[in-house]
Each structure stands twice: as structure tokens, then as C-alpha cells.
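Novice: My questions are about this predicted structure, shown below with the sequence.
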Amino acid sequence: MKKKEIRILLVDDEPDVLEIVGYNLSQEGYQIFTAENGKEAVQKAKKHNPHLIIMDVMMPEMDGMEACEIIRKVPELDNVIITFLTARNEDYSQVAGFDAGADDYIAKPIKPKLLVSKVKALLRRLKDDESPKNETLTIGDIEINREEYKVIKDGLEIILPRKEFELFYLLASKPGKVFKREEILDKVWGSEVVVGGRTIDVHIRKLREKIGDEYFKTTKGIGYKFEL
């Protein structure tokens, strides 16, 4: 996919942030749309169907967490990548962001060049989406359709955000294998995206809740394996 075809929605209540971030990303050739609060972000997301949303957390009318949760429930926006760009960098805030359905969490302040690099790393997954993915995994009573990003258990579809799906597919692709954190981060988040080990823990916890705790086992806290 060409850069000029990629749509990015910036959401922040600070005009300076929208201007600076928007300028740097538009210089890269991306299509840029903006919103000043969560409510407007939901409207703009439905209208423009962006590939990436970069969103602040603390905003008037509707904060980023609530907006993220709403966007994740819109079928047409299933594949949108959402990252928070916020000054709130506490652990509990990051956990809440991932719980809301975010794919990444970037702390302010951040230098424009580094932000552009992170955006490129996030968008690199779009290339993967264009490649054929006809493989369907069946493990016990669970069917994982990679092409359609669907998980079916006992005949019922389980909705998973993109990162949770990619993590689940990775673990399910090699049942019983112990995956080290570094390997998971590299294959699911990419080596150029800096996230902490806590990110994996949050996603694993959410998968346990949605899929079933009995499918996941840990080994001395250094990795994960998927079992029947």
C-alpha cells in the first residue's frame, strides 16, 4: 500500500499537537484527518475508516479510553490500528489503555522523528494484511481464521482486537511451545516498537478471560505456551 493511500486520524484537544504531529506525518505523504475530542473521533473514524488512529487520553466531551472502546465495537473498523499518545505514562493508565482495545501506547513528549518511526513500524502490519492468509487453525473446539481475523469457539464468534488476535494466533500455531517474551514482542509488536513486558501480561490476561483460562500455561514467568 502506498503512503498516499494510508489514512491517519489524529485526536487531541491541543491544537499545537494536532498541527505539529499532523505536519510531520503529512510530510511523509500520509492522508491526515483530525478530531479534537473522543466524540468527534468516533464520528471521523466512521466517516474516513482510517488505517491508524493516534489518540490522546484526557479530552473533553469523551475521553480517549471511551472512544477507543466504542470504535472497537464498530465492525467496519475491526482492522484499524489504535495507539494512545498521551502524557499519562503510569502503569495503570497503560493497562487501562490496552484493556480499552489499544494496540500501542506512546508517551508524550516525543520527538517528531521518533514518532514518525513508530508510526511506520505500526503501519508495517498493513503490508502483512495484503499478503494471502488462507490458513485456518483448528485446535480442540476452537477455530482460528487468520484471513478473516475470526475466532470461533463452540460455534460462537469471539471478538478480539488485532493485537490480541495476533498474539493468540502465534501461541496457537505451536501448541506446547514455550514462547519467550522477546520472541512474542518481536513477532507480534515488531522489533522497532518499544513496549514493556507488562503489555504481554495484559493481553494474555484478556485472552484468558475471553478464550478460557485452561488453554494457557506459564513457565517460570519467562514465557507462555498454549495447550489443549
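Specialist: Sure thing, it's come through. Remember, it's a predicted structure, so these values are computed and weren't measured experimentally. Numbering: from 1, shown residues only.
Novice: Count the residues that sit near residue 80.
Specialist: Using other Cβ atoms under 10 Å, residue 80 has 21 neighbouring residues. Yep, even glycine has a C-beta here, placed from its N, CA and C like the rest.
Novice: Please tell me I have it right and it contacts residue 71.
Specialist: Yes - Residue 80 lies in contact with residue 71 (Cβ atoms under 8 Å); the separation is 6.8 Å.
Novice: joint contacts of these two?
Specialist: Taking Cβ atoms under 8 Å, 6 or more residues apart in numbering as the contact rule, the neighbours common to residue 80 and residue 71 are 45, 53.
Novice: ok, which stretches of the protein are strands?
Specialist: Using DSSP state E, the strands assigned to the chain run over residues 7-11, 31-35, 52-55, 81-86, 104-107, 136-139, 142-145, 150-153, 156-158, 179-180, 216-218, 223-226.
Novice: Send over the third one as CSV, restricted to the C-alpha atoms.
Specialist: The C-alpha trace of strand 52-55 is given here as CSV (Å, rounded to 0.1, in the frame of the first residue of the first chain):
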residue,chain,number,x,y,z
LEU,A,52,-4.3,4.2,12.1
ILE,A,53,-5.7,6.3,14.9
ILE,A,54,-3.3,8.3,17.2
MET,A,55,-5.4,9.5,20.2
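Novice: pLDDT weak spots in this structure?
Specialist: Low-confidence regions of the chain, defined by pLDDT under 70, span residues 89-92, 127-134, 190-197, 217-228.
Novice: Just give me the longest helix of it.
Specialist: Ranked by residue count under DSSP state H, the longest helix found in the chain is helix 197-211.
Novice: How about that helix, which residues are buried there?
Specialist: Of the residues in helix 197-211, 199, 200, 201, 202, 203, 204, 206, 207, 211 count as buried by neighbour count, 16 or more other Cβ atoms under 10 Å.
Novice: Stretch 65-76 now?
Specialist: 65, 66, 67, 68, 70, 71, 72.
Novice: rewinding a little: can you say which of the strands of the chain is packed in most?
Specialist: Mean neighbour count (mean count of other Cβ atoms under 10 Å) peaks for strand 52-55 among the strands of the chain, with a mean of 26.
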